[in-house]
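S.K.: I would like to see how this sequence folds:
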Amino acid sequence: MKIIDYLFLISGLQTLVITVILLFYRSKKVYINRYLGLFFVTLCVEMAMYFAYKYVEHPAVYYHPFRFNLLSMNFLFFYAVETAGIYIKRKIYYYIPAIFEFLFLSVFFLLVLQDPEMHTTFREMYFGRILNIVGAIYIITMSVMIIKVNNKHKKQLPYFYEITKYKSLNWLTVFCVICILFNLVGNLLNLFVSEKHYTYTVNTILLLSLYYITIASLVQINIINMISPRVEEKETKAELENIVRIIEEYMLETKAYLNPSITLKTFAKEVRLPERLISKAINKIEHKNFNNYINYYRIEEFKQLLSMDRHKKFSISAIANEVGFNSRASFYKNFKDIVGVSPSSYAKNSDD
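M.R.: Just a heads-up that it's a prediction; the model follows:
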């Protein structure tokens, strides 16, 4: 074996060890670390395929369905969003590209397995290059999404921890930047340099990146960096103000108050904060209960819609339903309590 082969073998064994640790080590954030472990599982398979390419002579090996170009970064994305406390509905949707990739490659694998001559035809169609470009686009897209999540996580950390050292996901951001540059530059190099130099460059970057992320993963394996407030009997006013600030940002960004079925329990699940802390922060800082707090946003939304020309033709009740109120009586009562006048009087005065 060549030196590069020994390096890949050592890196493969290192990756395997890291995979076992992340999947089975009982750390304080074992559930989240499993996403990182699954990412390393895909890397282990890819490392094994490096040797398959070198020592398996049948051309079908180039069409094996375990490329994971459209899967690996998903696990890093889930690791990032879980760490940042972001709730994602229907995670299964993120696996759809990988499912199509597997089925698509399986068909071509079986075709070449039965008729090796088809490999020549597929090469002339630039089959491999097209797959690489599609994979590169997907990896770059997911890397950008991960970086955005990491930046949001980093901004929120000071609200929950006095010491934020080692709690941010800067290492993951660095890795994603490397992935972006690797896929951009790698595809360009493939067009202008010889296959030998291209392979050497790509393998070198791959090994260095792999070494970097394995070390970074172990460093943070026990560090609690989730956006989860400290559980204390008495929170300071500053801490409660920070909680309200996060709730307000979430409200304005998602307009969760428009959901007529929203409750403290469902909202706490969405924003990934304890119900007790949300209720206490709103009560102590805003001097409201959760329902009053939600209704305040709904009424502000109602006033904005009422001022728009395209809503002039709608009735007051129709707009009230649009902003999340289930009943006319509830809307009128809350509007008068908050604004001080009835909705009809307010609408009449706004027209004048």
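S.K.: contacts and neighbour counts: CA atoms only from here.
M.R.: Noted.
S.K.: list the contacts for residue 350?
M.R.: Residue 350 is in contact with residue 307, counting by CA atoms under 8 Å, 6 or more residues apart in numbering.
S.K.: what helix or strand is residue 68 on?
M.R.: Mapping residue 68 onto the secondary structure by DSSP states H and E places it in no helix or strand at all.
S.K.: residue contacts, it?
M.R.: Residue 68 is in contact with 42, 98, 101, counting by CA under 8 Å, 6+ apart.
S.K.: looking at it, the second one is touching residue 72, isn't it?
M.R.: So the one you mean is residue 98. No. Under the criterion of CA atoms under 8 Å, residue 98 makes no contact with residue 72, lying 9.0 Å away.
S.K.: Spit out the residues that contact these two alike.
M.R.: With contacts defined as CA under 8 Å, 6+ apart, no residue is shared by residue 98 and residue 72.
S.K.: circling back to that earlier point, mind putting the contacts of residue 68 in TSV, distance to residue 142 included?
M.R.: TSV is the format used below for these (distance: CA to CA, whole Å):
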residue	distance to residue 142
42	16
98	13
101	16
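S.K.: and which of those is nearest to residue 239?
M.R.: Nearest to residue 239, judged by CA to CA, of those is residue 42 at 40.5 Å.
S.K.: count of neighbours near that closest one?
M.R.: Applying other CA atoms under 10 Å, we find 21 residues neighbouring residue 42.
S.K.: Okay, domains of this protein per the record?
M.R.: Annotated domains of the chain cover 3-219, 237-351 [automatic domain parsing].
S.K.: mean pLDDT lowest for which of these?
M.R.: Comparing mean pLDDT over the domains of the chain, the weakest stretch is domain 3-219, at a mean of 84.
S.K.: From the chain's centroid, how far away is that domain?
M.R.: 15 Å (CA atoms, centre = their mean, to the nearest Å).
S.K.: all numbers from here: first residue = 20
M.R.: Understood, numbering begins at 20; the last thing we discussed is domain 22-238.
S.K.: and that domain, how far apart are its ends?
M.R.: Counting by CA to CA, to the nearest Å, you get 28 Å between the two ends of domain 22-238.
S.K.: how far away is residue 150 from residue 81?
M.R.: Applying CA to CA to residue 150 and residue 81 gives a distance of 11 Å.
S.K.: More neighbours: which of the two?
M.R.: A count of neighbours by other CA under 10 Å puts residue 81 above the other of residue 150 and residue 81, at 18 against 14.
S.K.: Got phi/psi on the nearest residue to that one once chain neighbours are set aside?
M.R.: Nearest non-adjacent residue to residue 81, counting by CA to CA, 6 or more residues apart in numbering: residue 72, 7.1 Å away. Phi and psi for residue 72, reported as degrees, to the nearest 10, are phi -60, psi -30.
S.K.: Likewise for residue 84?
M.R.: Here is the backbone geometry of residue 84 (degrees, to the nearest 10): phi -80, psi 10.
S.K.: Who are the contact partners of it?
M.R.: Counting by CA under 8 Å, 6+ apart, residue 84 has contacts 120, 121, 122, 123, 124, 125, 128.
S.K.: try 6 Å
M.R.: Neighbour list for residue 84: 121, 124, 125 [criterion: CA atoms under 6 Å, 6 or more residues apart in numbering].
S.K.: can you redo these as CSV with distance to residue 360 and secondary structure?
M.R.: Putting those into CSV (distance: CA to CA, whole Å; DSSP: H, G, I helix; E, B strand; the rest coil) gives the following:
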residue, distance to residue 360, secondary structure
121, 62, helix
124, 66, helix
125, 67, helix
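S.K.: Could you give me the PyMOL selection string for whichever of those are buried?
M.R.: Listed next is the PyMOL selection for buried residues among the contacts of residue 84, using 16 or more other CA atoms under 10 Å:
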select buried, resi 121+124
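S.K.: For the contacts of residue 84, give me CSV that also has distance to residue 311.
M.R.: Formatted as CSV, the contacts of residue 84 follow (distance: CA to CA, whole Å):
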residue, distance to residue 311
121, 50
124, 55
125, 56
